[in-house]
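A.B. asks: For reference, the sequence and a predicted model appear below.
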Amino acid sequence: MDVLANLGLGFSIALTPFNVAMALVGVIVGTAIGALPGVGPASGVALLLPLTFGMPPTSGIIMLAGIYYGAMYGGTITSVLINTPGESASVVTCIDGYQMALQGRAGPALGIAAIGSFVAGTLGVALLMLMAPTLARWALSFGPPETFALMLLGLTTVTGLTGGDPLKGYISMVLGLMLSMVGLDIISGDERYTAGLPDMLDGIDFLPVAIGLFGMGEVLAGAEAARDVRILEGRYGVRDVLPRAADWVRSRWAILRGSAIGFFIGILPGAGATIASFLSYTVERRLSRHPEEFGRGAIEGVAGPEAANNAASAGALVPLLTLGIPGSGTTAVMLGGLMMWGLRPGPLLFEKNPDFVWGLIASMYVGNVLLVVLNIAFIPAFVRLLRIPYAVLMPLIIVFCVTGAYSLSYKVWDVGQMLVFGVLGYAMRKLGYSPAALTLALVLGPLAERALRQSLILSDAGVGIFFTRPIAAVLTSLAALSVAVAVAPPAIAALRRRRAAAVSRRPAGAPPGSPA
Amino acid sequence: MRRADRAAGAGLLLLGAGFAGVAWQRHPYAGPSGPGSGFLPFWLGVTLAVLAALLLARALRARDPGPPWLPAGRGLRRLLVVVAGAAAFIALLPVAGMTLGTALFLLLILRGVERYGWAFSAAIGAGVAGLDWLVFTYWLRVPFPVGVLGF
């Protein structure tokens, strides 16, 4: 009953004309960002964050969330039509989506993806609505040690799972934490690492860093090579896009399974939409009665993963809203936004700002309806967007990065910082470091430091406090486990290679164990 | 990539050691009622130094030089011009102002780098600068730097 009353409150907020308009702007921009290769949802949210400063926070988050899940819809268009994923969660859609397009079935591929995304998005929000308040109530009992252990878990899992090379992921995370130390110490007022510059006293603002690492970094990575895209011609009217009866029958379970996989993977910090979509694809191929069609245009291979990535974006909001721990780069940027609006994400958010949380949840039902209409009726408009050459788009995004970084506090200093982090983001991307881990660590750093120091004051400087309190102990162990899971496979592989090399160097006929 | 890893490993090792050194020397490790402001920075510096040492050791042992991470030739030139153009755009903001700066930057990239025609480049530059002014200066009231021309 509680949930229904809260949802009623949410809809009374989400359905005001201004908030519906913001949801619409969010989902249109999100679809466009998802569709454009080279601009991911994290960049989109970072770039549009400054636009929300003049709005009430609820309207702001409604727009940003719209961008986030809208991007999951938009990414499909590019995957199917030009065989290039618009964002990473749509990589797997290229496999069967593009094959369908080559067979002249791009319309049904896009249609089933939109419908699958709608079903999954709506189920995901329903699960979010049912689970989040319970989780928030449970997290209310957390003291500083549990909070610190939770942040540690968030940091280690995101870092371990997002990048290819765990060592470089952890380096990115530590760099982010180090950057968060700059400025006045929150407890003692001590000035740290400011190099005497007054602009550094308030610390390194997260927004120029996020715009730089994601927006500018992605643009520079794209700038080194001009790309020409070839779009498959086709008809994308409403009738061409609606799937046939046989397509429905083949896809319905894939969509439901994808929704469940996506939501629960999305909740786990660090896993997120990309992993969910790959997992869904694997599951569908295993369960299929005709696995040989996968890779040759099986519609389940589009429906399942597209459902999964949308449900994952709803799942990812669970830890963000209830625990204040973002599970991905995009939600890390959203967390920074929440803090800029003066909100403290975490268990108290549901008690102190019910209008914000429930307004957001209700808006996601609205947004998903808007998206399914948009993605069935207006596909030709987004296809036209793909025809904008990257060479024109690239300087426009740079102008937007500059505008966004300046709008934070009207200082050219911030814009300069954005450019520095843009170059850093480019290098990090090319060298295999993780911009998402750095951003997350920068956002969580001050909170984690405060929780750590409070815990150590409580325990009289003993680290045992993280292992003796039950919840903290479980969370700390999980954090350690996540590091082990990330580090062990490459270490074991290296060891095996070394053994194999030693064996091959051993002279023929020498007994095993003799020095090589 | 191997050379870049070696350079990054060495640089990050120095950065970590320096960061920990500054924390140790300038900021109290322990305060009156628990860890001081130098406590976490010290351990972060140490952690970075250890991770960087691992990276350096791995890169020094690696036999495969790996693919180059920076583009060569035309790709590198494009990249450098875009970065330099953006840097000039930002540095000249207080002089040129946002609107004129935007138009000039777009003209530089579209005409100079991407080789579009003058008319097309100027039209995009003027259009985007105008739109930027309309949304941010007029509607959202962001006080952008006004340049010598007064806008």
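C.D. replies: Nice, thanks for sending it over. What you see is a predicted model; the values in this text were computed from it and never measured.
A.B. asks: Report how many residues lie close to residue 107.
C.D. replies: Chain wasn't specified; assuming chain A. Number of residues near residue A:107 (other C-beta atoms under 10 Å in any protein chain shown) recorded here: 23. All C-beta spots, glycine's among them, are computed from the backbone N, C-alpha and C.
A.B. asks: I was after chain B.
C.D. replies: Residues lying near residue B:107 (other C-beta under 10 Å) number 20.
A.B. asks: any idea how far it is from chain A?
C.D. replies: Applying C-beta to the nearest C-beta, to the nearest Å, the value for residue B:107 to chain A is 9 Å.
A.B. asks: How about that residue, nearest residue that isn't a chain neighbour?
C.D. replies: residue B:125 (4.5 Å; C-beta to C-beta, 6 or more residues apart in numbering or on different chains).
A.B. asks: what number of residues lie near the one you found?
C.D. replies: Quick note: residue B:125 (other C-beta under 10 Å) scores 23 neighbours.
A.B. asks: Residue A:35 now?
C.D. replies: Residue A:35 has 27 nearby residues by other C-beta under 10 Å.
A.B. asks: same thing with residue A:422?
C.D. replies: Residue A:422 - counted by other C-beta under 10 Å - has 27 other residues nearby.
A.B. asks: For residue A:131, give its distance to residue A:311.
C.D. replies: Distance of residue A:131 to residue A:311, computed by C-beta to C-beta, to the nearest Å: 13 Å.
A.B. asks: The helix or strand containing the residue nearest to residue B:107 - contacts with which helices or strands?
C.D. replies: Secondary structure assignment for residue B:125, by DSSP states H and E: helix B:118-132. When contacts are defined as 3 or more C-beta pairs under 8 Å, 6 or more residues apart in numbering or on different chains; DSSP states H and E, helix B:118-132 sits against helix A:390-409, helix B:98-107.
A.B. asks: Does the first one reach chain B?
C.D. replies: Yes: Helix A:390-409 lies within reach of chain B by C-beta under 8 Å from any C-beta of the partner chain, at A:391, A:392, A:394, A:395, A:396, A:398, A:399, A:402, A:403, A:406, A:407.
A.B. asks: Not counting the helix or strand that contains residue A:7 itself, show me its contacts.
C.D. replies: Assigned by DSSP H and E, residue A:7 belongs to helix A:2-14. Residues from elsewhere that reach helix A:2-14, judged by C-beta atoms under 8 Å, 6 or more residues apart in numbering or on different chains: A:19-20, A:23, A:58, A:62, A:129-130, A:133, A:354-355, A:357-363, A:365-366.
A.B. asks: gap between it and the chain center?
C.D. replies: How far helix A:2-14 lies from its chain's middle: 26 Å, per C-alpha atoms, centre = their mean, to the nearest Å.
A.B. asks: CA atoms only: put the very next helix or strand once past that helix into CSV for me.
C.D. replies: The helix or strand immediately downstream of helix A:2-14 is helix A:17-35, counting by DSSP H and E. C-alpha atoms of helix A:17-35 as CSV (Å, rounded to 0.1, in the frame of the first residue of the first chain):
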residue,chain,number,x,y,z
PRO,A,17,3.9,19.5,-17.9
PHE,A,18,7.5,20.7,-17.2
ASN,A,19,8.6,17.3,-15.9
VAL,A,20,7.0,15.5,-18.8
ALA,A,21,8.8,17.9,-21.1
MET,A,22,12.1,17.2,-19.3
ALA,A,23,11.6,13.5,-19.7
LEU,A,24,10.9,14.0,-23.4
VAL,A,25,14.0,16.1,-23.8
GLY,A,26,16.0,13.5,-21.9
VAL,A,27,14.8,10.5,-23.9
ILE,A,28,15.2,12.3,-27.3
VAL,A,29,18.7,13.5,-26.4
GLY,A,30,19.5,10.0,-24.9
THR,A,31,18.3,8.2,-28.1
ALA,A,32,20.4,10.6,-30.2
ILE,A,33,23.5,10.1,-28.0
GLY,A,34,23.0,6.4,-28.0
ALA,A,35,22.8,6.4,-31.8
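A.B. asks: Enumerate every residue touching the closest residue to residue A:397 other than its chain neighbours.
C.D. replies: Nearest residue to residue A:397, sequence neighbours excluded (C-beta to C-beta, 6+ apart): residue A:219, at 4.9 Å. Contact analysis of residue A:219 by C-beta under 8 Å, 6+ apart lists A:38, A:394, A:397, A:398, A:401, A:422, B:82.
A.B. asks: again, 7 Å this time
C.D. replies: With contact set as C-beta atoms under 7 Å, 6 or more residues apart in numbering or on different chains, residue A:219 has these partners: A:394, A:397, A:398.
A.B. asks: Do you know the pLDDT at it?
C.D. replies: Residue A:219 carries a pLDDT value of 87.
A.B. asks: where does the nearest residue to residue A:450 once chain neighbours are set aside land in three-state SS?
C.D. replies: Spatially, and ignoring its direct neighbours in sequence, residue A:450 is nearest to residue A:186 (5.9 Å; C-beta to C-beta, 6+ apart). Secondary structure for residue A:186, judged by DSSP: H, G, I helix; E, B strand; the rest coil, is coil.
A.B. asks: Need the phi and psi values for residue A:186.
C.D. replies: The phi and psi values for residue A:186, taken as degrees, to the nearest 10, are phi -70, psi -30.
A.B. asks: Cool, thanks, signing off.
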